[in-house]
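Student: have a look at this fold, sequence not included:
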Ligand code: MRU
């Protein structure tokens, strides 16, 4: 797994920054998001095991991006299995797929993508599976970008009058196949003259807001101000913020929304101040197999991520830290869920079931 400078890949980079996941010359490259914004460097992944490790270690993050990366990881697993035994590649790749499915627990897009690839695996004829699986992974990648553009257009129309918005974590091009979900809404709304400014919560402990969201938006020429998440209530109380716009890692059948830790607090504060909450997510993020948010596994990561900041230790010696990285925002605090199939206002089980039938 080597680091490669961006120039060496000769990519066609657009302002959408839709280059977090790159398949080029039969190889998988991930922009190492841990190094942004200081360095734009890619990691080349040569196996499914390396792909699982890259997801666990946050080289790539964000629910749709995790799913798309996993789909390419399935291609690498099949390639290795077929090279070892053209007759038994399906069995040989099984342990790789199990490990891939466990690389992060909360974003349902991971399971969704692996299941879609497994369907393709079942239908493939005898012979080398790589071309068929690669076509499926690329289709998934492309469909995600198209879904985000639709989400952006639908969400932007709902904003109404020009306003400032608050976003949390990074639900942008970096977190998806490209364009972004919450930031897709922001991009579309900004083009339509509906966004004055985006306030990006810095998002402890990985700083996805200050490192990634602010990076993406400033490259796109969209006015962005970083603030600590503790500042959100103060910011809302001063006026001028019409919406909180966030993404999601998994939405339960009743409309409860799991997203980056701190989203729940933001939604409570928003309701108090009369600020509306929009959740922008593709239908691949909706998990109809879980009835409510409390049934969704919440990833708890190392205490060191909270006690340290980069190389420096901030926690007092010997103290403990609790580091759940997602929380559940009850459906009652969500004004609208925007998907590529349409918007669900005041979401509940009945409305989501109807959406998923379409
Ligand atoms: O821990 P992360 O960085 O993977 O968390 C990402 C988020 O919580 C995003 O808001 C969510 O995945 C939506 S991305 C379109």
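Tutor: All right, it came through fine. Given the structure is predicted, the values throughout are model-derived calculations rather than measurements. Numbers count the residues shown, from 1 in each chain.
Student: rest of the way, CA atoms for contacts and neighbours
Tutor: Will do.
Student: count of neighbours near residue 193?
Tutor: 12 (other CA atoms under 10 Å).
Student: for it, give its distance to residue 109.
Tutor: Relative to residue 109, residue 193 is positioned 32 Å away (CA to CA, to the nearest Å).
Student: quick one: contacts of stretch 49-56?
Tutor: Residues outside stretch 49-56 that contact it (CA atoms under 8 Å, 6 or more residues apart in numbering) are 1, 45, 60-61, 66, 69-70, 73, 96, 99-100, 103-104.
Student: got it, and stretch 138-153?
Tutor: 64, 68, 176-189, 280-282, 338-340, 342.
Student: now do stretch 299-307
Tutor: Outside stretch 299-307, the residues touching it (CA under 8 Å, 6+ apart) are 104-106, 204-206, 313-315, 320-326.
Student: same deal with stretch 116-128?
Tutor: 71, 74, 82, 86, 90, 129, 132-133, 136-137.
Student: only whichever of these are buried, select them in PyMOL.
Tutor: In PyMOL, this line selects whichever of the contacts of stretch 116-128 come out buried by 16 or more other CA atoms under 10 Å:
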select buried, resi 71+74+82+86+90+129+132+133+136+137
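Student: where does this protein come near the ligand, residue by residue?
Tutor: Taking CA under 6 Å from any ligand atom as the contact definition, the chain meets the ligand at 61-64, 169-172, 175-176, 180-181, 247-249, 259-260.
Student: from these, which land in helices?
Tutor: 63-64 (DSSP state H).
Student: and the helices in the protein?
Tutor: Using DSSP H, the helices found in the chain span residues 6-9, 48-56, 63-84, 89-92, 94-101, 108-123, 130-159, 182-191, 214-219, 232-237, 263-273, 304-307, 349-357.
Student: returning to that earlier point: name the nearest of the contacts of stretch 299-307 relative to residue 155.
Tutor: Closest approach to residue 155 among the contacts of stretch 299-307 (CA to CA): residue 326, at 23.2 Å.
Student: touching, the closest one and residue 261? I think so.
Tutor: Yes - between residue 326 and residue 261 there is a contact at 4.1 Å, judged by CA atoms under 8 Å.
Student: the nearest residue to residue 210 once chain neighbours are set aside and residue 212: what is the separation?
Tutor: In space, and not counting its chain neighbours, residue 210 is closest to residue 202: 4.6 Å by CA to CA, 6 or more residues apart in numbering. Here residue 202 is placed at a distance of 9 Å from residue 212 (CA to CA).
Student: now residue 176
Tutor: Using CA to CA, residue 176 is found at 13 Å from residue 212.
Student: one more: residue 162?
Tutor: 24 Å.
Student: what does residue 138 give?
Tutor: Counting by CA to CA, the gap from residue 138 to residue 212 is 24 Å.
Student: who has more neighbours, the two?
Tutor: Of the pair residue 138 and residue 212, residue 212 is the one with more neighbours under other CA under 10 Å, namely 26 against 16.
Student: I figured that one hits residue 37, correct?
Tutor: Yes - contact between residue 212 and residue 37 holds when scored by CA under 8 Å: they sit 6.9 Å apart.
Student: centre of the chain to stretch 143-163, how far?
Tutor: Chain-centre distance of stretch 143-163: 16 Å, with CA atoms, centre = their mean, to the nearest Å.
Student: ah, wrong one, I meant stretch 194-209
Tutor: 15 Å.
Student: same check, this time on stretch 129-138
Tutor: Counting by CA atoms, centre = their mean, stretch 129-138 is centred 22 Å from the centre of its parent chain.
Student: just for the stretch 1-150 of the chain, where's the confidence low?
Tutor: 1-18 (pLDDT under 70).
Student: for the nearest residue to residue 349 once chain neighbours are set aside, which residues are in contact?
Tutor: Of all residues not flanking residue 349 in the chain, residue 254 sits nearest, at 3.9 Å (CA to CA, 6+ apart). Going by CA under 8 Å, 6+ apart, residue 254 touches 291-293, 331, 347-350, 352.
Student: 6 Å - rerun?
Tutor: 291-292, 348-349 (CA atoms under 6 Å, 6 or more residues apart in numbering).
Student: closest one to residue 275 out of these, please.
Tutor: Scanning the contacts of residue 254 for proximity to residue 275, where the rule is CA to CA, the winner is residue 348, at 19.9 Å.
Student: in ChimeraX, how would I select the buried members of the contacts of stretch 49-56?
Tutor: In ChimeraX, this line selects whichever of the contacts of stretch 49-56 come out buried by 16+ other CA under 10 Å:
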select :45,60,61,66,69,70,73,96,100,103,104
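Student: tell me the one among the contacts of stretch 49-56 nearest to residue 228.
Tutor: Set against residue 228, the nearest of the contacts of stretch 49-56 by CA to CA is residue 61 (20.7 Å).
Student: state the distance from that closest one to residue 73.
Tutor: In terms of CA to CA, residue 61 sits 14 Å off from residue 73.
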